[in-house]
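Engineer: give me the fold of what follows.
(chains A and B)
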Amino acid sequence: MAAFDLARLITAAADTIAAHSEELTALDQAIGDGDHGLNMKRGFEAVRADAEAFSAKPLPEALKAIGTKLVMTVGGASGPLFGTLFLALGKEISAEPDRANLTAAFGKAIEAVAARGKSQVGQKTMLDVLQPVHDALVNGKTGSEIADIADSAAEATVPMKATRGRASFLGDRSIGHMDAGGRSVALLVRTIGETLEGRP
Amino acid sequence: MSNVGIVIVSHSPLVAEGTADMVRQMVGDEVPLAWCGGNGHGGLGTSVEAIMGAIDKAWSEAGVAILVDLGGAETNSEMAVEMIGEPRAQKIIVCNAPIVEGAVMAATEASGGASLKEVVATAHELSPS
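Structural biologist: Take a look at the predicted model:
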């Protein structure tokens, strides 16, 4: 993997979340409490504000600091879940990760998110997008292939019945709507994949 | 104070404050008590930062029992405990109990000098699962 510019990644991720904030909120209004877009935007804008400081740190420290920032600023249940993803990634990743290290670290980070949410794949959560992305990393897919896989995985949450999180209160009525957290993951995966591949 | 502390975490500051008020009136001042609620931006929700602050406020060397309402309050409370870290983290437990009844019963137990384990067990007795 080519060395990458963390500040550029942060800017791209924050731009993506900001551009899709209303869409994420609409998804969350259907089956959650309707604050996901706003919460994610607040968190990623806070990360953007400190992008320079994060970029000056070694990658593991930078990811942990980003995770802490997300925990403190996103709020809702998404704050600890997305925060834990980055915190755990930072704990496991090396300063100059190759693909094998990134893949292994990402796998551990998903386990940490599952533990934090007391959840597992198949419950209509962000895990239903994270896990296929990890599988694609394992299987040697390219950034744009992984982005497509993430989009399909987010789509695949539509017919699922939620059994964790706020949407689970709705039971069968959660069927027919995309999980907002899964959509956020897919958006971020596409942005990161495309930024790392040097495309807009 | 050597009694176990009680922290109340609700999505709503009104529920959290009201629950704390019930604890104060029904149990008294023998128990360190703190509450937090709301997302910090005027809406419903819970904030890890606010929970960490409430734990500090209700801190006791005997430990702290946290009572929560809906799912995100539990997730955020567990995150707050992890961020506080050891050695204090091992003395903080998020209870699986209804928030109002759990807070009153846990505080009652704590006011008699019970251990953290006993306080948490009393709260858990209220939960069917």
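Engineer: now the helices for chain A?
Structural biologist: Shown for chain A, the helices assigned by DSSP state H span residues A:6-19, A:21-31, A:36-49, A:51-55, A:59-74, A:78-92, A:99-117, A:127-138, A:143-155, A:180-196.
Engineer: now swap in chain B and tell me
Structural biologist: B:13-27, B:48-57, B:71-84, B:99-111, B:116-124.
Engineer: helices or strands up against the first one?
Structural biologist: Pointing back at helix B:13-27 there. Helix B:13-27 sits against strand B:5-10, strand B:33-37, helix B:99-111, with contacts defined as 3 or more Cβ pairs under 8 Å, 6 or more residues apart in numbering or on different chains; DSSP states H and E. Heads up, the C-betas are built off the backbone N, CA and C, glycines and all.
Engineer: next one: the shortest one
Structural biologist: Applying 3+ Cβ pairs under 8 Å, 6+ apart, one finds that helix B:116-124 contacts strand B:64-68, helix B:99-111.
Engineer: out of these, nearest to chain A?
Structural biologist: strand B:64-68 (11.7 Å; Cβ to the nearest Cβ).
Engineer: how far does that closest one sit from its chain's centre?
Structural biologist: Averaging C-alpha positions (Cα atoms, centre = their mean, to the nearest Å) puts strand B:64-68 2 Å from its chain's average.
Engineer: who's in contact with it?
Structural biologist: B:4-10, B:19, B:32, B:46, B:51, B:55, B:58, B:74, B:77, B:81, B:91-95, B:97, B:99, B:102-103, B:106, B:110, B:116, B:119-120, B:123 (Cβ atoms under 8 Å, 6 or more residues apart in numbering or on different chains).
Engineer: low-confidence ranges, chain B, go.
Structural biologist: Applying pLDDT under 70 to chain B picks out residues B:1, B:129.
Engineer: so which bits of it are right by chain A?
Structural biologist: Contact residues (Cβ under 8 Å from any Cβ of the partner chain) of chain B with chain A: B:39-41, B:43-49, B:70-72, B:75-76, B:78-79, B:83.
Engineer: let's see that with 6 Å instead.
Structural biologist: B:39, B:45, B:47-49, B:72, B:75-76, B:79 (Cβ under 6 Å from any Cβ of the partner chain).
Engineer: highest neighbour count among these?
Structural biologist: B:Asn76 (30 neighbours; other Cβ atoms under 10 Å in any protein chain shown).
Engineer: so what's that one up against?
Structural biologist: A:80, B:46, B:48, B:51 (Cβ atoms under 6 Å, 6 or more residues apart in numbering or on different chains).
Engineer: which ones are touching the third one?
Structural biologist: The reference is to B:Val48. The contact partners of B:Val48, by Cβ under 6 Å, 6+ apart, come to A:71, B:76, B:79-80.
Engineer: nearest to A:Arg173 among the residues you listed?
Structural biologist: For the contacts of B:Val48, the residue nearest A:Arg173 by Cβ to Cβ is B:Asn76; the value is 25.4 Å.
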